[in-house]
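>>> everything below, folded, please.
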Amino acid sequence: MLQFKISDKILIIMNISSYIDEFILYTGSAKGRSKNTTVNYAVDLAQFADYLESAGISSAKELDRACLRGFLRELSGYGFSRSSIARKLSSLRGFTKYLSSAGVVEGDPGTGLRGPKAEQSVPRAIAYEDIMKMMDETEKTSKKSARDRLILELLYGAGLRVNELVSLRWDDVDIEERELRVTGKGSKERRAYFGKPARDLLRQWRDNAASKGHATEGDFPVFYPEKAGAPRLTERTVHRMIVAVSRRVALYGVTPHTMRHSFATHMLERGAPLRVIQELLGHESLATTQKYLKVTVEQMKKSYLETHPRSGFGGDRK
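Predicted structure coming up:
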């Protein structure tokens, strides 16, 4: 066999690699992880195996916390982002837990091991004027202008996630009351609201869909698919549309989630209570909603300068 013709060092890595292969198979079958998850595990753990080889680790039994920490330090040294390192640490924890349960290592060296603190990403919002440019652009150039304008109105006007949008059924929509029943993360249900422009577009969309033979009530999707036989419009289609429309008006990096961030930011800027925004967005924690406060620092400073009597600009200047 080939294994007898190669060095002991390669045999060691092959041994660890075989455990990695077993773990990948285990997560895909017994644990039912998604294909993307198992691919990420395979990539992360292949890098870990390379690190073990360079570190001269002689056996899977030698894996300990110091070894894991050394790998994380090396990743940081190579310039991996904090979020990438955190993902790879998650893969390592799953692998060491598997080795521990299989009796390959004593204890679980990954238990309690912490990675770098997550990066505090500030949600991106765009100006209301830019959103209107995008909406106007759909009417000028889009082959599916009615659908695309309605999608923008609901993403921005109701603060929906893209998966919530494409999952909408006619049963979830009350056009006259301008309400949506939305199923968000964790199957948590909430109410969302939309404006008069979205109401008028929904009426037109419903009537047009009915004229084409699409069901417009009950459990049928609001946004029917582009291809016959598909269950509903895909998130990918919505994402492509948003990117294309935004680029035509010289906006870059805009995604469906940008519409949701803009919804929350603009409401906050106009005085909506944070608790109300939390409920409208379907956030489990108020801390998640508070991220939007960082977006409006300039707005708060402007308000202070214009209104506080001791700011030196507005009110009593004495």
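>>> now do the SS call for the residue nearest the centre of the chain.
Per C-alpha atoms, centre = their mean, the C-alpha nearest to the average position across the chain is that of H257, at 8.1 Å. At H257 the chain is in helix, as set by DSSP: H, G, I helix; E, B strand; the rest coil.
>>> hang on, it packs against E164?
No: using C-beta atoms under 8 Å, H257 is not in contact with E164; the gap is 11.3 Å. The C-beta positions use only the backbone N, C-alpha and C, and glycine is treated the same way.
>>> tell me the confidence at the nearest residue to K185 once chain neighbours are set aside?
Spatial nearest neighbour of K185, excluding adjacent residues (C-beta to C-beta, 6 or more residues apart in numbering): G282 at 6.9 Å. The confidence metric pLDDT takes the value 89 at G282.
>>> show me the contacts for G282.
Applying C-beta atoms under 8 Å, 6 or more residues apart in numbering to G282 gives the contacts V182, G184, K185, K188, R190.
>>> ok, M267 next?
The neighbours of M267, taking C-beta under 8 Å, 6+ apart as the test, are V276, I277, L280.
>>> from R82, how far out is it?
In this view, M267 and R82 are 30 Å apart by C-beta to C-beta, to the nearest Å.
>>> repeat that for K185.
Between K185 and R82 the distance, using C-beta to C-beta, works out to 23 Å.
>>> same question for E74.
Counting by C-beta to C-beta - E74 and R82 are separated by 15 Å.
>>> so A210, which of the three states?
For A210, the secondary-structure state derived from three-state DSSP is helix.
>>> in space, what's closest to it - neighbours in sequence excluded?
Spatial nearest neighbour of A210, excluding adjacent residues (C-beta to C-beta, 6+ apart): T216 at 4.8 Å.
>>> and that neighbour, what does it touch?
Shown here is T216, whose contacts under the criterion C-beta under 8 Å, 6+ apart are W170, R206, A209, A210.
>>> how many other residues sit next to the last one?
In other words, A210. 12 (other C-beta atoms under 10 Å).
>>> and it, what's its pLDDT?
At A210, the model reports a pLDDT of 93.
>>> same check on the first one?
Reading off the confidence values, W170 has pLDDT 96.
>>> the closest residue to it other than its chain neighbours and L160, how far apart?
Closest residue in space to W170, ignoring its immediate chain neighbours: E217 at 4.9 Å, by C-beta to C-beta, 6+ apart. In this structure, E217 and L160 are 21 Å apart, going by C-beta to C-beta.
>>> neighbour-wise, which of the two wins?
Taking neighbours as other C-beta under 10 Å, E217 and L160 compare with L160 leading, 27 against 11.
>>> skipping adjacent residues, who's closest to the more buried one in space?
Computed as C-beta to C-beta, 6+ apart, the closest residue to L160 that is not its neighbour in sequence is L154, at 5.7 Å.
>>> show me what the helix or strand where the one you found lies is packed up against.
Per DSSP states H and E, L154 falls inside helix 145-158. In terms of contacts (3 or more C-beta pairs under 8 Å, 6 or more residues apart in numbering; DSSP states H and E), helix 145-158 is packed against helix 128-141, helix 162-166, strand 179-183, helix 196-211, helix 235-248, helix 256-269.
>>> out of those, which comes closest to R69?
Each of these has some distance to R69 by C-beta to C-beta; the shortest is helix 256-269, at 34.1 Å.
>>> tell me which residues in that closest one are buried?
Neighbour-count burial for helix 256-269 flags 256, 258-269 (criterion: 16 or more other C-beta atoms under 10 Å).
>>> just the residues you listed now: which is nearest K140?
Within the buried residues of helix 256-269, distances to K140 taken as C-beta to C-beta reach their minimum at M259, with 19.0 Å.
>>> check contacts around the closest one.
Neighbour list for M259: I131, L152, L155, Y156, I242 [criterion: C-beta under 8 Å, 6+ apart].
>>> what of L63?
Per C-beta under 8 Å, 6+ apart, neighbours of L63: L52, I57, T96, L99, V105, P109.
>>> isn't the fourth one right next to Y19, touching?
The reference is to L99. Yes: in this structure L99 lies within contact range of Y19 using C-beta under 8 Å: 6.5 Å.
>>> with that, I have no additional questions.
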